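Q: Structure for the following, please:
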Amino acid sequence: MARRDAPATRVQVYINDPKVVSSLNREARIGRMALSQAAGQAIARGLLRSPKADPDDRLLNLERSLRDHMRATGRDMQIVQELLIEVAKAFFLRLPDGIVDEDPTVQAAVDRRIERLLDATAARIVAGRRDGEGAAAAKEPRSFAATN
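A: Numbers count the residues shown, from 1 in each chain. Below you'll find the predicted structure:
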């Protein structure tokens, strides 16, 4: 069967933006085609909403993706924060207050353990992996020992 080309329609377009003209010229050079063919392809891509060759459109898609990612990350972080607050409430509801809690030595020991926990967490984040969890827990001195 012989292939029939669709009849070409002639359209005159006046472009005033020098950036668009230089982009079309560059695309025509890269694709080794006439300027009118490059303009036709660019219009077709714009109408199909699937820009493949225009760097500005790729940058716009990247910006949209980053904005969506930031929105999702913010939502996830809010969920984690609310969950942490609920865990803290449950923890403190079950923990009895005692006179020993006001002891400066006990408070300093708790602060020291929290600082070590934060340092270990930051080190794992910087390292980019979580394989040191068991080793870090083994180095931590036990607050109570097993009974015989």
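Q: okay, CA-based contacts and neighbour counts for the rest of this
A: OK.
Q: pLDDT on stretch 85-99, on average?
A: Stretch 85-99 shows an average pLDDT of 79 in the prediction.
Q: With stretch 117-137 instead?
A: Taken as a whole, stretch 117-137 carries a mean pLDDT of 70.
Q: tell me which element residue 125 is part of?
A: Assignment of secondary structure by DSSP states H and E places residue 125 within helix 104-127.
Q: Give me the buried positions along the helix or strand that contains residue 64.
A: Residue 64 belongs to helix 55-94 when assigned by DSSP H and E. When burial is assessed from 16 or more other C-alpha atoms under 10 Å, helix 55-94 yields no buried residues.
Q: Any idea which helix or strand in the protein has the lowest mean pLDDT?
A: For the chain, scoring each helix and strand by mean pLDDT, DSSP states H and E identifies helix 133-139 as the least confident one, at a mean of 55.
Q: on that earlier part again, buried ones in the helix holding residue 125, by neighbour count?
A: Of all the residues in helix 104-127, those buried under the rule 16+ other C-alpha under 10 Å are 120, 121.
Q: Can you give the distance from it to the centre of its chain?
A: Chain-centre distance of helix 104-127: 27 Å, with C-alpha atoms, centre = their mean, to the nearest Å.
Q: do stretch 9-29 as well
A: Put simply, stretch 9-29 sits 36 Å off its chain's centre (C-alpha atoms, centre = their mean).
Q: Just the endpoints, please. Distance across that stretch?
A: Using C-alpha to C-alpha, to the nearest Å, the end-to-end distance of stretch 9-29 comes to 23 Å.
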